Structure formats: structure tokens, C-alpha cells
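*Asks:* structural data only, the sequence is not supplied:
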Ligand SMILES: *Cc1c(COP(=O)(O)O)cnc(C)c1O
């Protein structure tokens, strides 16, 4: 910890635990203590740590071919691209690496589509975004963030964005004019604390975007790929956005893999030289991404996510009014607001850590739980018990669980 803090910039405030191995939903620290990982790499680890099937596929590809650049074709990208279009129901995809890059790609595509297809006056394209959003950390993306910590000191910002309240379709309608090319939103706001929009919001937003000829761009980087109980969180209202933005679990927790998926009439605005990435679509990333998509199509991660959510709801709902002021659950994804008079999110996370459960506070008194979708019922019960004990203020355990 000391060396990390000395030589690596302090852009995070980690819990005081040093991890050295992981398997499924469990991780082990350098002293041999085990913890149930209920952050799961901000949902990048939906399939758990070192999933054997993903490790096997990645290892095989590592020994064969890892990088070609897009200057040449490789034999893995077509497999991934076709699989991802099948999963999303879209005609094309564009591969990148990090989530922020995929969001940037969606913004660029939306603007170009606005000028070339919709006919917006040059330089005037506007994108509507949501209050409380989190879409990554690039200069353009933080330009439409309302989180002071994310924006402070980084001005000047990129123009062309208009922010409205999340969950209020009338606010989106009021912000619409002929310059609007896209609405960028998270179907469930993860970083904000697993904030769910009101029922009907996604379908109303879909209807509004279609009526105004505006692209509906769903950032499913954290909410997608079975986390919210369905392949995509938009499936909750059977809504199909124009653009899916994917990342995190798309790389199986092994490697950064992101992409956007959309139909040809949208992605055709991208021409050689107009956008790119040295690593995007590399054969190693594509091999892992294709395996992830196959697992989502064959597996029962979506079903398991719903079961886990039911178990978490049943175990935690009694706490509302008794230590927590609000509980939000969608699939295996929980946002819990602690009564601020009781303790902070950080304090609960430290108590949980001492009890062998890792989670991270998001804003002040909110904690998000996103256990890997390979966690067992016993794991979920352990998490529920640990939350009860943590809110009670005492843990009977030293740090972690002795292996
Ligand atoms: C994590 C996240 C991103 C950014 O992904 P990075 O890989 O960290 O760049 C964007 N949008 C959402 C919704 C996210 O949760």
C-alpha cells in the first residue's frame, strides 16, 4: 500500500486491502485472508475472477496472435463482431478498449450522423445527457458531468451538451430542438448508486427519440451483460436503443474490451481514417469478447442474476427504516442508502471488509453491491448477514476470513 501510494498518483482512495489472487466470487489478500468480492470490478467481473473458460480461450489466443492493428485483417475480429451483432440485434459494431473510448465513439458517431444523415447545420449538433450521469473520465465526457470532483480543474470543457434530470421524460422533450442528434443515458445509473428510472421511462424515451429522429444511445457499460437480470438493462422495458455502448464485462474481467453496436445506417458514417484505435479489435480482445458473448447466449447468467436479486431483496428489505433509508435492486445489483446519522458508506465498507466482504461506497452514504454472477446462495447469505452486522456496528471478526 505504502509503495503504491508513494509512486502511483492518488486518483483513487482504496480500502486498505492488498489482493493477490482470485477465483470465482472470492479474492485472497497477501496475508491469506479471503473476501467475497461484491464490487466485482464495477461489474467488469460479472463472470467472476479467472473464469476457467475465459482463461483457457485467452491463454490459447495469447500463444497464437495478440495484435495486428487494424491496418490488416485478423481472424478473430469477425467472430467477435458477428457474435456481438447477434447478441445486440444490431447490424454492425465498432470495437474499442475502455468504456470511455466507447462512449467517445458513440458521441462522435452521433454527431456525424446528425450532420450527414439528419441534416443538422454544421457545428451545431447537441447531445442531451442526464443529471447524475457517469460515462467515464475523458475531457469531453466530464464536460457533461455534474460531479464536482470529476470536473474541478479540468476546464475548458467541450460544448454541445444539454443536461436534464434523469427519469423525467418531459425534461428531455423540453430540451429537444432541431440541433439535437442524440440522447445519451444509462438505463440504470450505476455510479450514482444503482438509481432506477421510473417504470415506463425507457419506453417513453424510446418513443420520443423515434418521433424526433434523435438517436437513443444507451450506455450499458455497467448495466448490461446480465448485471441487471437481463442481457441489457433496456430489456427491462423491452426497449431497443439505436446505439448500445458496451464495455466492462465484455472483457470478462481479463482485458479491456469495449464496443458500440448500431445499425448500418448509423455506423456507415464512419469511414477509413475518421476514427480508430491501435488496440481496438485486436485478436486477443476479440477472442475474449467472442467467448463472453457466447457465455451470455448459452449460459444462465441472466436467470441467475434475477435469482440473486430476489435473495438480496428478501434479505435486505427489512433494513429499510432500520439503518438504511432506501434500497434499490435490479438483478444482482443493489444500491443501499445508509441513514447518514448511523454511519458513512465508507464506515460500512470498512466494517464489511473486516467481516470478509469487499464493497465500495459511491456517494457519501450510498453503497453499491454487485456480486459476481457466479456467487452461490451461501455467498449471498453471507453478504446479507455481513450487511446486517455491519449496520449493527460490530463484526465479531478480525480482518477477512482465514483461509
Ligand atoms: C465504467 C463506466 C464507464 C467508463 O468505462 P472505463 O472503462 O472506466 O473507461 C462509462 N460508462 C459507465 C456507465 C460506466 O459504468
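*Replies:* Now that the structure is in, tell me what you want to look at. What you see is a predicted model, and the numbers here were worked out from it, not measured in a lab.

*Asks:* alongside the ligand, which residues does the chain contribute?
*Replies:* With C-beta under 6 Å from any ligand atom as the criterion, the chain comes near the ligand at residues 42, 98-100, 103, 134-136, 186, 190-191, 219, 221-222, 247-248. Bear in mind the C-beta positions are built from the backbone N, C-alpha and C, glycine included.

*Asks:* nearest to the ligand, of those?
*Replies:* Nearest to the ligand among the residues of the chain next to the ligand, counting by C-beta to the nearest ligand atom, is residue 99 at 2.1 Å.

*Asks:* touching, the closest one and residue 247? I think so.
*Replies:* Yes: between residue 99 and residue 247 a contact is recorded at 3.4 Å, counting by C-beta atoms under 8 Å.

*Asks:* shared neighbours of those two, anything?
*Replies:* Common neighbours of residue 99 and residue 247, using C-beta atoms under 8 Å, 6 or more residues apart in numbering, are 221, 258.

*Asks:* for residue 351, helix, strand, or coil?
*Replies:* Put simply, residue 351 is helix when judged by DSSP: H, G, I helix; E, B strand; the rest coil.

*Asks:* just checking, residue 290 touches residue 78?
*Replies:* No: Residue 290 lies out of contact with residue 78 (C-beta under 8 Å); the separation is 9.4 Å.

*Asks:* compare those two (neighbour count), which wins?
*Replies:* Legend: neighbour count by other C-beta atoms under 10 Å for residue 290 and residue 78, higher for residue 290 (22 against 13).

*Asks:* count of neighbours near the closest residue to that one other than its chain neighbours?
*Replies:* Nearest non-adjacent residue to residue 290, counting by C-beta to C-beta, 6 or more residues apart in numbering: residue 80, 4.2 Å away. Per other C-beta under 10 Å, the neighbour tally for residue 80 reads 25.

*Asks:* can you check residue 257 too?
*Replies:* Applying other C-beta under 10 Å, we find 33 other residues in the vicinity of residue 257.

*Asks:* need the contact list for it.
*Replies:* Each residue near residue 257 by C-beta under 8 Å, 6+ apart is listed here: 95, 97, 247, 250, 251, 285, 288, 289, 292.

*Asks:* in JSON lines, list those residues along with secondary structure and neighbour count.
*Replies:* Output for those, formatted as JSON lines (DSSP: H, G, I helix; E, B strand; the rest coil; neighbours: other C-beta atoms under 10 Å):
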{"residue": "95", "secondary structure": "strand", "neighbour count": "27"}
{"residue": "97", "secondary structure": "coil", "neighbour count": "21"}
{"residue": "247", "secondary structure": "coil", "neighbour count": "28"}
{"residue": "250", "secondary structure": "helix", "neighbour count": "29"}
{"residue": "251", "secondary structure": "helix", "neighbour count": "24"}
{"residue": "285", "secondary structure": "helix", "neighbour count": "29"}
{"residue": "288", "secondary structure": "helix", "neighbour count": "26"}
{"residue": "289", "secondary structure": "helix", "neighbour count": "28"}
{"residue": "292", "secondary structure": "helix", "neighbour count": "29"}
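
*Asks:* what residues are up against residue 370?
*Replies:* 38, 39, 40, 42, 43, 227, 332, 333, 334 are the contacts of residue 370 under C-beta under 8 Å, 6+ apart.

*Asks:* from the residues you listed, which is closest to residue 279?
*Replies:* Among these, residue 42 lies closest to residue 279 (C-beta to C-beta), at 20.4 Å.

*Asks:* for that closest one, report the pLDDT, please.
*Replies:* You'll see residue 42 listed with a pLDDT of 97.

*Asks:* with the one 4 residues further on instead?
*Replies:* The confidence metric pLDDT takes the value 98 at residue 46.

*Asks:* what helix or strand is residue 383 on?
*Replies:* Assessed by DSSP states H and E, residue 383 sits inside helix 377-392.

*Asks:* go through that helix and flag the buried ones.
*Replies:* Buried residues in helix 377-392, counted by 16 or more other C-beta atoms under 10 Å: 379, 380, 382, 383, 384, 386, 387, 389, 390, 391.

*Asks:* which pair in those spans the largest distance?
*Replies:* Most distant of the buried residues of helix 377-392, by C-beta to C-beta, are 379 and 391, 19.1 Å apart.

*Asks:* just the residues of the chain next to the ligand: which are in helices?
*Replies:* Mapping these onto helices (DSSP state H) picks out 42, 99, 100, 103.

*Asks:* can you tell me the closest non-neighbouring residue to the third one?
*Replies:* Once its chain neighbours are removed from consideration, residue 100 has its nearest residue in residue 136; the separation is 2.9 Å (C-beta to C-beta, 6+ apart).

*Asks:* gap between that neighbour and residue 92?
*Replies:* Computed with C-beta to C-beta, to the nearest Å, the distance linking residue 136 and residue 92 is 22 Å.

*Asks:* which SS state does the residue nearest to residue 290 fall under?
*Replies:* Bear in mind the rule, three-state DSSP; under it residue 80 is helix.

*Asks:* my guess is it contacts residue 294, does it?
*Replies:* No: applying C-beta under 8 Å, one finds residue 80 not in contact with residue 294, separated by 10.1 Å.

*Asks:* any idea what residue 336 is bridged to?
*Replies:* Under DSSP bridges, the beta-bridge partners of residue 336 are residue 327, residue 367.

*Asks:* neighbours of it, how many?
*Replies:* Residue 336: 28 surrounding residues under other C-beta under 10 Å.

*Asks:* about what we covered before: identify the contacts common to residue 290 and residue 78.
*Replies:* Joint contacts of residue 290 and residue 78 (C-beta under 8 Å, 6+ apart) do not exist.

*Asks:* nearest residue to residue 105 other than its sequence neighbours?
*Replies:* Nearest to residue 105 is residue 260, by C-beta to C-beta, 6+ apart, at 5.2 Å.

*Asks:* distance between the helix or strand hosting the one you found and the chain's centre?
*Replies:* Per DSSP H and E, residue 260 falls inside strand 258-262. Centroid separation for strand 258-262 versus its chain: 14 Å, with C-alpha atoms, centre = their mean, to the nearest Å.
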